[in-house]
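*Asks:* I would like to see how this sequence folds:
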Amino acid sequence: MDKDEIHLRRLPAAAPWGPHGDSEFHGVDFLPDDLSEAPDETGMRVNKKYSCLPAEEKGIHIINIRAIEDIGYDQHESTLLNSLSKNPDADCKYGLYFRDGKRKVDYILVYHYKKSSSGRALARRTHHNDTSARSTKQDHPLPGKSVQLEMGESEPPADSHEDDKRFRREEYEGNLVEAGLELEHDEDTKIHGVGFVKIHAPWNVLCREAEFLKLKMPTKKMYQINQTHGLLKKINSVIQKITEPIQPKVAEHKPQTVKRLSYPFSREKQHLFDLSDRDSFFDSKTRSTIVYEILKRTTCTKAKYSMGITSLLANGVYSAAYPLHDGDYEGENVEPNDRKLLCEEWASYGVFYKYQPIDLVRKYFGEKIGLYFAWLGVYTQMLIPASIVGIIVFLYGCATVDENIPSMEMCDQRNNITMCPLCDRTCSYWKMSSACATARASHLFDNPATVFFSVFMALWAATFMEHWKRKQMRLNYRWDLTGFEEEEEAVKDHPRAEYEAKVLEKSLRKEHKHKEHRYFPEEAANKWRQRTDKEKLTWKDRFPAYLTNFVGIIFMVGLTFAIVFGVIIYRISTAAALAISSTPSGRSSVRVTVTATAVIINLVVIIILDEVYGCIARWLTQIEVPKTDKNFEERLIFKAFLLKFVNAYTPIFYVAFFKGRFVGRPGDYVYIFHSFRMEECAPGGCLMELCIQLSIIMLGKQLIQNNLFEIGIPKMKKFIRYMKLKRRRSLDHEEHVKKKQRYEVDYNLEPFAGLTPEYMEMIIQFGFVTLFVASFPLAPLFALLNNIIEIRLDAKKFVTELRRPVAVRAKDIGIWYNILRGIGKLAVIINAFVISFTSDFIPRLVYLYMYSENGTMHGFVNHTLSSFNVSDFQAGTAPNDPMDLGYEVQICRYKDYREPPWSENKYDISKDFWAVLAARLAFVIVFQNLVMFMSDFVDWIIPDIPKDISQQIHKEKVLMVEVFMREEQGKLQMLETWKDKDKKKGENCNNHSPRLSRSHSGSLSSCHSYPLDV
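*Replies:* All right, here's what the predicted structure looks like:
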């Protein structure tokens, strides 16, 4: 064959193109030279599966065709240019199926190509099912693309980089076809310069991979699920009737009385499974998972090193890879599909009061995402009782604020307590009654009920974890995830592309160092592959990355502390400035103003640093080069959580445990940079400031970062991507008229970036709810309100804004569960310290039982204040205007337990301080151990696996054994039947041929070898 000629073969009669008959011409085969001379079997196989140029294409370039009569096909030219009367895109449901309208698209690969506008009339929809023979020679491009290169003589040659990408794609796609997948190309799209490879997994490939992945599939055997009896049954029926309005209207959510027995799929035992409808036996989620496993396993080796799909995506050979959504979710004539149902019954704010259709979410997105939303639903439900108790505690504080004796004493102007200045020189003396509003507000959160609430929340956290474990087991049973560990280990072993590249780089360095012999290209490739398999990264290879990680994390934590320190300086300097310029009425609100503005600055810094730390954590994890995706995810989660935890909670920790602790005393204050005096707590304590800090950061973070960012940023990215594609798009009228294919629409969606950001924001919120709940009892309420919106917001994002993620099997939420348990334990300790050191709960108890004369709280405020003689001020620190209150001050008061100026050891720490400190430490020890014991008791008393689920799992095992026993008995009976038939045949042979032993033996053996129809 000449170079300028293309060999044409007609499609066999047994393999018509698409849904049309043999009388129409639907495609021309373009075969390389080596395939035309291949054996007949190969030729037939390739001939059946290669085709291009569909009949609907109007423009065809002139092709030098050799001897068309030789192949026995001589039809009129109008047959070649025949255009279909009906819309071909409607036949394939606008991209959900191949062009034949029968084979479903299970996965999409996207690539960019360079092409001049002169070749736009050329057909670009290409269908090929087998490129294994073509992939052996890289000088033959893909079928269909060869025409483009040969016809487009006026087209400038592509650069070597583009050619390299194309060759890699051709080899990789050829290997995919060898693995059994069927491919179809589409470059005739509305997105200029972007090509799509549609992938379909046929039945035999699905069966093979399902067996390899040990996917549990439903068998024909059905069994009755154990139902409750007696009183429990009546209670359950009443609960179902009450909750019926809030149940989603999906079939998967209805309570089931029977369940199919599941078993890992096996091709040898196909008779066990319900294969009545092969099209729906493997759902779209399972099909895409199987194809993705093949994509990960398949490599192209003609490049310098072996490249899988992750490497090809990282190197730009393909620009995207994703499964398709089931169809449109809005519109008038949209066919019913799971995506539309999810949008109506789940991803809508109008159904916020309903339960989530978790089974449908799992069916569409897979177990990992299903478990995330199930966990989020359980967490949100558990926030309801916590919110109710928090509201009751807050209302108790409101109801008793007028009966609180300490705050009444502080507000009583008759006490005439003069306080020492809050800053040097510029600040003057002030009346304690001016802090009346702060003292009354502090009682709302600093009352005996908050201690009870702290104990309640510690037990709530333990109950929540146990409840989730039980819910998780129920889901594992329903989703057939019991005994999943073996499959999980098999999935873990896929090395990441970056790890393989690093190992290869290491092996090449060794080869260069030892100056090994030269090999032929194929031998060298084999040698490299063998060495890559044997080599692995050691701690010495990763030591620079580990050192960078350590230094980077220390630097980031130090940066967070430095920013908090800067905000402290701002608070001190602003308080001094406002004290100078404010009017007497405004000076009372200086503390609140400074606190509020400082918290807003902290909030802005936290939001900015959160994004920065997320990127830094990913970069630090990437340079470590973890081997598997699971290792990468766990290390990324650890680093991101550590940095974001420090970022979010450092300002709160400062107010709770450090503010006002290292102030000193009048006449001997502690200074920063010899000029800024450390700030003090208000007379009512720092708990009110802690409450303000916690509430503003928590609410601001939820509103701005979680909601506005999640809504605004994806919308903005989608708009920018749309504008870029609009700029690239050709002005052809045809492109604007025709409807977009499903894969084109999905390509414009945002790629799925994993569940780590979703979990992270909920874990940080869980910390706000539990760690400092003693200072802010309304935290669970605000978390509940946020989560009601968050569930529907995330659902809308997954259904409408993101490309469909690859379904991943998982039986639990992984490392997040351990983080939650850690936060729950830490919350007990932190709340113990908040109650004992930050609030005035312990000093009040000590005063009530040790110092009170009449058994009441009268005199408590005076007991907590020490006296200072103004003549003992250091030079240059006394107030510039000592007569600001209208009288001369001799003694001022400050909050501390110190000896008075008329004592022998004036200004030394008094015995009262040590008594209060001992009580505080004793409370921490007792509270911590008591609550920990109660939490562990809750863990112990609630079983991890519900009793009915353990019974059902046991029942499944027994039933499966019975099924196999019956099968074995059937086989034994069949063998017995065969033996009886063989005996009878042998006897007949003996009766009919007694003469010659030789002929007898021959006939007997022939009788025994008689085929039986089973």
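*Asks:* span of stretch 847-862 from start to end?
*Replies:* 11 Å (CA to CA, to the nearest Å).
*Asks:* in that stretch, what counts as buried?
*Replies:* Neighbour counts over stretch 847-862 (16 or more other CB atoms under 10 Å) mark 847, 852, 857, 859, 860, 861 as buried. For glycine as for every other residue, the C-beta is placed from the backbone atoms N, C-alpha and C.
*Asks:* what segments of the stretch 451-600 of the chain are helices?
*Replies:* 485-492, 497-514, 521-534, 539-581, 584-587, 590-624 (DSSP state H, counting those that start in this stretch).
*Asks:* of those, flag the one that's most buried.
*Replies:* helix 590-624 (a mean of 18; mean count of other CB atoms under 10 Å).
*Asks:* one step back: can you say which of the helices of the stretch 451-600 of the chain is nearest to residue 451?
*Replies:* Nearest of these to residue 451, taken as CB to CB: helix 590-624 at 24.4 Å.
*Asks:* and the closest one, what other elements does it pack with?
*Replies:* Here helix 590-624 touches helix 539-581, helix 629-653, helix 687-700, going by 3 or more CB pairs under 8 Å, 6 or more residues apart in numbering; DSSP states H and E.
*Asks:* distance between the last one and the chain's centre?
*Replies:* Yep, that's helix 687-700 we're talking about. Distance of helix 687-700 from its chain centroid, counting by CA atoms, centre = their mean, to the nearest Å, is 28 Å.
*Asks:* same question, the longest one
*Replies:* How far helix 539-581 lies from its chain's middle: 29 Å, per CA atoms, centre = their mean.
*Asks:* redo the helices of the stretch 451-600 of the chain as JSON lines? Include distance to residue 292 and mean pLDDT.
*Replies:* Compiled in JSON lines, these are given as follows (distance: least, CB to CB, whole Å; pLDDT from 0 to 100):
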{"stretch": "helix 485-492", "distance to residue 292": "11", "mean pLDDT": "52"}
{"stretch": "helix 497-514", "distance to residue 292": "14", "mean pLDDT": "75"}
{"stretch": "helix 521-534", "distance to residue 292": "23", "mean pLDDT": "53"}
{"stretch": "helix 539-581", "distance to residue 292": "28", "mean pLDDT": "86"}
{"stretch": "helix 584-587", "distance to residue 292": "65", "mean pLDDT": "58"}
{"stretch": "helix 590-624", "distance to residue 292": "22", "mean pLDDT": "86"}
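*Asks:* residue 102: which of those is closest?
*Replies:* Of those, nearest to residue 102 by CB to CB is helix 485-492, at 31.0 Å.
*Asks:* where along the stretch 751-900 of the chain do the strands fall?
*Replies:* For the stretch 751-900 of the chain, the strands defined by DSSP state E, counting those that start in this stretch cover 865-869, 891-895.
*Asks:* send the alpha carbons of the first one over as CSV?
*Replies:* Which is strand 865-869. The C-alpha trace of strand 865-869 is given here as CSV (Å, rounded to 0.1, in the frame of the first residue of the first chain):
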residue,chain,number,x,y,z
LEU,A,865,-10.0,42.9,95.6
SER,A,866,-6.7,43.9,97.1
SER,A,867,-5.7,47.4,98.2
PHE,A,868,-2.9,49.6,96.9
ASN,A,869,-1.5,52.8,98.3
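*Asks:* so where is the stretch 651-800 of the chain shaky, pLDDT-wise?
*Replies:* Along the stretch 651-800 of the chain, segments meeting pLDDT under 70 span 683-684, 706-707, 721, 725-739.
*Asks:* now with 50, please.
*Replies:* For the stretch 651-800 of the chain, the stretches with pLDDT under 50 are 730-737.
*Asks:* just the stretch 1-150 of the chain next, same as before
*Replies:* 1-86, 116-150.
*Asks:* hang on, the earlier thing: so which of the helices of the stretch 451-600 of the chain comes closest to residue 919?
*Replies:* Closest among the helices of the stretch 451-600 of the chain, using CB to CB: helix 590-624, at 27.7 Å.
*Asks:* in this structure residue 571 contacts residue 677, no?
*Replies:* No: using CB atoms under 8 Å, residue 571 makes no contact with residue 677, being 11.3 Å away.
*Asks:* in space, what's closest to residue 880 - neighbours in sequence excluded?
*Replies:* Counting by CB to CB, 6 or more residues apart in numbering, the nearest residue to residue 880 once its immediate chain neighbours are dropped is residue 425, at 5.3 Å.
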